[in-house]
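**Q** one predicted model, sequence on top.
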Amino acid sequence: MNIANASASDENGVSISPGNRTAFHIGVTADIPLMQSLYVQTGLFFQNKGHKYKEDEYTETSKPMYLEIPILASYRYDFSDALQLQINAGPYFGYGIGGKIKAEWNDDDSYEVDFFGDGDDNYGANRFNCGLQFGAGLTFSNHYYLGFAYQLGLSNVIKTNDDYDNVKDRNWMISLGYNF
């Protein structure tokens, strides 16, 4: 599960605070051992992100979808044979593969366009996205995983927009997994 948001500022540099949007992620990971207790963890994830922004008579909801590859340093600490702690940190790289943005006004006027791409029928967001990911998790009985992570987007999601000057993803993640 994702609790997605964004950090944004308008063309004058004034901070804008969009609201959270619940989304999801799914993926696979691989652990590459470096030395005892230290690994490189990488993988491929399908991430649904975005934000929800509300003003008095206007609501904007973005739902971009990305393929992401994290490259994380992962420290492992064994509490027992059946319980292991993981602490992870490192960069992630994403590519936008789809999604929509919808704007609605209280007078029932609305529009919805593609999030990525150029032209009048597209929002014009950058497809490439990168940032830093930090997290921790527990592995139970060598197979079951419960993890929490935070993604701090570093790249500007928006190419050009009259309303926003700088938009960066912020994403909390809760993960359940099974290790083979």
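**A** It's in.
**Q** what's the first helix or strand after the one helix or strand in the chain whose mean pLDDT sits lowest?
**A** Ranking every helix and strand in the chain by mean pLDDT, DSSP states H and E puts strand 15-16 at the bottom, with a mean of 70. Scanning forward in sequence from strand 15-16 by DSSP states H and E, the next helix or strand is strand 21-23.
**Q** could you pull out the buried residues of the helix or strand encompassing residue 132?
**A** Using DSSP H and E, residue 132 maps to strand 128-140. With burial defined by 16 or more other CB atoms under 10 Å, the residues of strand 128-140 counted as buried are 129, 130, 131, 133, 135, 137, 139. The C-beta positions use only the backbone N, C-alpha and C, and glycine is treated the same way.
**Q** over to stretch 85-99?
**A** The neighbour-count criterion (16+ other CB under 10 Å) identifies 86, 88, 90, 92, 94, 96, 99 as the buried residues of stretch 85-99.
**Q** ok now the strand or helix carrying the last one, how far from the chain's centre?
**A** Think residue 99. In this assignment (DSSP H and E), residue 99 forms part of strand 83-105. Here strand 83-105 is found 2 Å from its chain centre; the criterion is CA atoms, centre = their mean, to the nearest Å.
**Q** each with direction, which strands does that strand pair with?
**A** strand 58-80 (antiparallel), strand 110-116 (antiparallel), strand 128-140 (antiparallel) (DSSP bridges).
**Q** give me the next element, helix or strand, following the shortest one.
**A** Toward the C-terminal end, the helix or strand that comes next after strand 110-116 (DSSP H and E) is strand 122-125.
**Q** counting by contacts, list what that next one packs against.
**A** If contacts are counted by 3 or more CB pairs under 8 Å, 6 or more residues apart in numbering; DSSP states H and E, strand 122-125 sits against strand 110-116.
**Q** pull the CA atoms of the strand it packs on into PDB?
**A** Output of strand 110-116 as PDB, limited to C-alpha atoms (Å, rounded to 0.1, in the frame of the first residue of the first chain):
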ATOM      1  CA  SER A 110     -14.300  18.500 -15.200                       C
ATOM      2  CA  TYR A 111     -11.600  17.100 -17.500                       C
ATOM      3  CA  GLU A 112      -9.300  14.100 -17.400                       C
ATOM      4  CA  VAL A 113      -6.100  13.800 -19.500                       C
ATOM      5  CA  ASP A 114      -3.100  11.500 -19.700                       C
ATOM      6  CA  PHE A 115      -0.400  12.300 -17.100                       C
ATOM      7  CA  PHE A 116       2.600  11.700 -19.400                       C
END
